[in-house]
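> What follows is a predicted protein model with its sequence.
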Amino acid sequence: MSIFSRKYWSEATKNFTKTKMLVYASLICALRIVVKAFRIPVLPGGLTVSFDGYVNALGSLVYGPVVGLAVGAISDTIGAILFPSGAYFFPFIFVEMLSSFLFGLFLWRRKITTHWVILARFTVSFCCNIILTSLVMKWMYVAMDIEKTYYFINTARIVKNLVLFPLEGVLIAVILNAFIPALKSFRFVDERQAGIRLQKKDVLLVILLSALAVGVVLLYVFVLQDFLKANNLKFW
């Protein structure tokens, strides 16, 4: 079904009325809360690597974008209470909700392939982890009257997300492939869904997207950054 059809969104919303789907969503929500306790610091400034994206994709594949919004909201709220990683700022809930929504759009009722999963991970990394998170961070700094300035173009955040997304995309594909037989047995995914295999075109896509990511980072570091400083321009 096309995401632009009324039937698509009607079917996605109906998942709220299916007991089996709600039980699965509850399990995924609980698992997402637990994995929030296991964050690996990678760069200064509180940048970490978490396992939430893998669980998020596994859930959104089954219950779709609409239920995903609720799972993202609940897991973020409870996770922030049980495993806080700093001051709680409510608008961060939209980052979690959007990531679940996007994974649902890419994976729910689709023929899942490795390159499709990689594109999903790239979209989530760019839209949620770079764009929306930066906007919310700036909003938090202003709302809480924090003296330190937060710049929208945060080199560390961009590097971390753009460099890691190819590996994360491949790992998500591997995890989904491992769970597909079980999901098919519970009729959570189409029985015609074949196993996910890494093909030559997928490797090429990873290389191209990685090159694009590295190119964007280098462009900023060696060109745009000096240009912005020379012209006294600031991205907030």
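It's in.
> now Phe92: how far from Ser99?
According to Cβ to Cβ, to the nearest Å, Phe92 and Ser99 sit 11 Å apart. C-beta coordinates here come from the backbone N, C-alpha and C atoms, glycine included.
> just Met137 next, same as before
16 Å.
> Of those two, which one has the most company?
Ser99 (27 against 23; other Cβ atoms under 10 Å).
> List the residues that contact the closest residue to the more buried one other than its chain neighbours.
Spatially, and ignoring its direct neighbours in sequence, Ser99 is nearest to Cys128 (4.5 Å; Cβ to Cβ, 6 or more residues apart in numbering). Residues in contact with Cys128 (Cβ atoms under 8 Å, 6 or more residues apart in numbering) are 95, 98-99, 102.
> Out of the residues you listed, who's the most crowded?
In those, the most neighbours by other Cβ under 10 Å go to Ser99, 27 neighbours.
> Am I right that it is in contact with Ala57?
No. At 9.3 Å, Ser99 and Ala57 do not qualify as touching, with contact defined as Cβ atoms under 8 Å.
> Would you enumerate the residues in contact with Lys7?
By Cβ under 8 Å, 6+ apart, the neighbours of Lys7 are Met1.
> Show me what secondary structure element comes after the strand or helix carrying it.
Assessed by DSSP states H and E, Lys7 sits inside helix 6-14. Sequence-wise, the next helix or strand downstream of helix 6-14 (DSSP H and E) is helix 19-35.
> ok and that next one relative to helix 6-14, angle-wise?
70 degrees (axes from the mean of the first three to the mean of the last three Cα atoms, to 10 degrees).
> For helix 19-35, report the contacting residues that lie outside it.
Contacts of helix 19-35 (Cβ under 8 Å, 6+ apart): 15-16, 50-52, 55-56, 58-59, 62-63, 67, 70-71, 74-75, 78-79, 82-83, 186, 188.
> Using neighbour counts, trim the residues you listed to the buried set.
Among the contacts of helix 19-35, those classed as buried by 16 or more other Cβ atoms under 10 Å are 15, 50-52, 55-56, 58-59, 62-63, 67, 70-71, 74-75, 79, 188.
> show me where the protein has helices.
6-14, 19-35, 52-82, 93-107, 114-124, 133-143, 155-185, 200-219, 225-230 (DSSP state H).
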